[in-house]
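In: heads up, no residue letters with this:
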């Protein structure tokens with residue numbers, strides 16, 4: 001098993017999950033959660049390999065959707081929405097559901113080398129109903145146009161991959177989260193919809209969409225971005241606590257664990 005072969009990575013996951021479950025959780029229970037996190041990540045890839053948007057029933061083992069009305073209202077209002085997700089569960093399953101319901105998603109992806117690998121990834125996402133915008137100078141403009149035309153933009157919001165995010169309180173400690181969801185919402189007027197897709201026993205899935213987080217300008221953009229990102233952090237905490245063993249963050253995620 002991957003966890004047993006990578007003690008360094010296991011230690012990182014244990015530190016991350018300790019913040020989520022708290023000091024009152026025993027070491028034995030924490031160890032069980034760590035092992036389940038690696039197993040969950042394996043299922044994530046297995047689920048993604050068999051998802052098929054064109055299948056008559058893409059969720060043969062069942063799908064439960066909570067908060068669908070929030071998505072429908074955002075689209076009906078013509079404002080679109082920023083769907084902010086943690087690295088949790090199987091988010092591509094949510095994209096398949098959205099596409100089947102007529103809610104096509106746009107997402108951002110960092111360009112990969114070789115280019116053929118990136119093109120393959122884009123095509124795989126397209127087959128699931130996801131339009132991929134390469135990360136780069138024009139990405140912000142394309143995402144802004146998408147929500148202003150009533151579309152949905154899906155952004156993973158619990159890890160700052162670029163290094164220019166906002167420092168917030170996350171599970172009681174300073175962490176840097178990406179500013180993108182807050183910036184996009186503040187500039188477009190679109191609501192942020194915190195959401196997660198959980199993997200249930202037996203192969204079923206559960207989609208949870210939280211009530212909209214309205215990003216309202218109150219002062220300087222930098223201060224507003226920090227305020228909204230902190231509000232989003234609280235929503236992400238609630239989603240992660242529902243299934244911490246499905247939180248697939250295997251890298252240091254808090255300032256205390258990050259060199260420099």
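Out: Everything's here; your move. On a predicted model such as this, the values are computed, not experimentally measured, just so you know.

In: Now do residue 79, the pLDDT please.
Out: Reading off the confidence values, residue 79 has pLDDT 87.

In: does it sit in a helix or strand, and which one?
Out: In this structure, residue 79 sits in neither a helix nor a strand according to DSSP states H and E.

In: Same check on residue 153?
Out: Using DSSP H and E, residue 153 sits within strand 152-156.

In: Can you name the element that comes right after that strand?
Out: From strand 152-156 onward toward the C-terminus, using DSSP H and E, the following helix or strand is strand 166-170.

In: residue ranges with poor pLDDT in the stretch 1-150 of the chain?
Out: Judged against pLDDT under 70, the low-scoring parts of the stretch 1-150 of the chain cover residues 1-5, 112, 118.

In: Provide a list of residue ranges in the stretch 151-260 of the chain with pLDDT below threshold.
Out: Counting by pLDDT under 70, the stretch 151-260 of the chain contains low-confidence ranges at 260.

In: mind listing the strands for it?
Out: Assigned strands in the stretch 151-260 of the chain, in chain order: 152-156, 166-170, 173-177, 192-199, 205-209 (criterion: DSSP state E, counting those that start in this stretch).

In: closest to residue 75 out of those strands?
Out: strand 152-156 (7.3 Å; CB to CB). (Glycine included, C-beta is placed from N, CA and C.)

In: Partner strands of the closest one and their direction?
Out: Partner strands for strand 152-156, per DSSP bridges, with pairing direction: strand 81-85 (parallel), strand 105-109 (parallel).

In: which residues are in contact with that strand?
Out: Outside of strand 152-156, the residues that reach it under the criterion CB atoms under 8 Å, 6 or more residues apart in numbering are 71, 74-75, 80-87, 91, 94-95, 98, 103-108, 130, 143, 146-147, 178, 180-181, 184.

In: quick one: it to chain centroid distance?
Out: Distance of strand 152-156 from the chain centroid (CA atoms, centre = their mean, to the nearest Å) equals 8 Å.

In: Next, the angle strand 192-199 makes with it.
Out: Angle, strand 152-156 to strand 192-199, by axes from the mean of the first three to the mean of the last three CA atoms, to 10 degrees: 70 degrees.

In: what would the strands paired with strand 152-156 look like in TSV with mean neighbour count?
Out: Shown next, in TSV, are the strands paired with strand 152-156 (neighbours: other CB atoms under 10 Å):
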stretch	mean neighbour count
strand 81-85	28
strand 105-109	19
